[in-house]
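>>> Okay, here's the prediction I keep looking at, along with the sequence it came from:
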Amino acid sequence: MAQLEGQTYLVTGASRGIGKALSLKLASEGASVVLLARQSADLEAAASEVQSLSPHSYALACDLSESASVEQAAASVCDNHEAVHGLVHNAGDIHPIKSLLAADPSQWRRSLAVNIVGVQHLTQALASVITNGHRVRITTISSGAALRPLPSWSAYCTAKAALDMWTRCMALEGAEHGISAVSVAPGIVDTGMQDAIRSASEDDFPLRNTFVGYKEDGQLTHAGDVADQLFQLVTEHTMNESGQRFDVRDL
C-alpha cells in the first residue's frame, strides 16, 4: 500500500516549479492531489501528469489575489472532500522588483495578497475539511528573504516574514484540532521566479548580476530534487515540530 493512500493534499502554485514537482511526488506515494494555480496551459499539463500517477487528483483554477476566486476554489474542495490531510502553501509572487519608494502600490498590495493574505483566506475557507478530527499537516514555503532585507524586494521580504509568523500562529491555534504547521526555506531553485529576477533591470534590482551568476555557475537546485527533500517534512512532521522554521539544506 502506498504511503499516502487515502489522503488528500492541496498544493498551491502547482502549475510548475516546486509546486508541480511536489504534487508529482505526493501523487507517486498514493495521495490524491488538488493542484491550485491560476488558469493556464501549464496547470492543465501538470494536472495531466499528476493524474497519470493518481487518477483522483485534479486541478482547480485559483488566483490567490482575488477573494472570489479563493472562495470558489475552497467551496469546490469542501464539496468534493470530507477531509484534507495536508496543505502546501507554495504559491508566491516576487513582484514588484522595484525600490521601496518607487514600487507600484497596486503591485505591492497584490504581492501581499498572494504571499500571505491568500494563504489565510484559503486556509480559513477550508476550515470544514481540516478541523473534523483527523491529523492535518500544513507546510508554508518560506525564503531567506523572510530573514533579511534585499534591495527592491520589499513586498516579498515583508510577506515572507509575515508568512513565517502566520505559520507559528497556525501551529499555536491549530493544535487543538490536530493541525500542525511548519515553514521551510527551499534554497535557490531553478524556477520561473528566478527567471523573473534575472529579467529585472539592474537599475531596478542592484543584485541582478549576483542572481545571474547563480544560474551561470550552476548553483541553482532543481525543483524535483527539492521536492524529494521536502517530502518527509511535508508528510511526516510531528506536533512537536509544529511552529518551527526549517531550511531544506538541513533536511
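Alright, I've got the coordinates.

>>> so which helix or strand takes in Ala46?
Counting by DSSP states H and E, the element that carries Ala46 is helix 41-53.

>>> Quick one: list the elements packing against that helix.
helix 17-28, strand 32-37, strand 58-61 (3 or more CB pairs under 8 Å, 6 or more residues apart in numbering; DSSP states H and E). To be clear about C-beta, it is placed using only N, CA and C from the backbone, and glycine gets the same treatment.

>>> among the ones you listed, which is the most enclosed?
strand 32-37 (a mean of 28; mean count of other CB atoms under 10 Å).

>>> what residues does that one touch?
The contact list for strand 32-37, computed with CB atoms under 8 Å, 6 or more residues apart in numbering, reads 7-15, 19-20, 23, 26-27, 43, 46-47, 50, 54, 56-62, 73, 77, 81, 84, 91, 122.

>>> Give the partner strands of it in its sheet and their orientations.
strand 8-12 (parallel), strand 58-61 (parallel) (DSSP bridges).

>>> what mean pLDDT does it have?
The pLDDT scores in strand 32-37 average 98.

>>> roughly how far out does that strand sit from the chain middle?
In terms of CA atoms, centre = their mean, to the nearest Å, the gap separating the centre of strand 32-37 from the centre of its chain is 11 Å.

>>> Please apply the same query to stretch 75-93.
The chain centre lies 12 Å from the centre of stretch 75-93; the measure is CA atoms, centre = their mean.

>>> same thing with stretch 40-58?
Per CA atoms, centre = their mean, the centroid offset for stretch 40-58 relative to its chain is 17 Å.

>>> Just the buried ones among the contacts of strand 32-37, please.
Neighbour counting by 16 or more other CB atoms under 10 Å classes 7-15, 19-20, 23, 26-27, 43, 46-47, 50, 54, 57, 59-62, 73, 77, 81, 84, 91, 122 among these as buried.

>>> Please point out which parts of stretch 219-236 sit buried.
Buried residues in stretch 219-236, counted by 16+ other CB under 10 Å: 220-221, 223, 226-227, 229-231, 233-235.

>>> want to try CSV for the helices and strands packed on helix 41-53, with distance to Met165 as columns?
Converted to CSV, those look like this (distance: least, CB to CB, whole Å):
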stretch, distance to Met165
helix 17-28, 21
strand 32-37, 23
strand 58-61, 27
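
>>> Low-confidence ranges, this protein, go.
Within the chain, the stretches with pLDDT under 70 are 1.

>>> three-state assignment of the residue of the chain most remote from its centre?
What lies farthest from the middle of the chain is Asp203; by CA atoms, centre = their mean that is 29.2 Å. At Asp203 the chain is in coil, as set by DSSP: H, G, I helix; E, B strand; the rest coil.

>>> and of the buried residues of stretch 219-236, the nearest to Ser143?
Val226 (12.8 Å; CB to CB).

>>> I'd say the closest one and Val248 touch.
Yes - here Val226 reaches Val248: they are 6.0 Å apart, a contact under CB atoms under 8 Å.

>>> joint contacts of these two?
186-187.

>>> residues touching the spatially most central residue of the chain, list them.
In the chain, the residue lying closest to the centroid (CA atoms, centre = their mean) is Asn90, at 0.6 Å. By CB under 8 Å, 6+ apart, the contact set of Asn90 is 11-14, 17-19, 22, 141.
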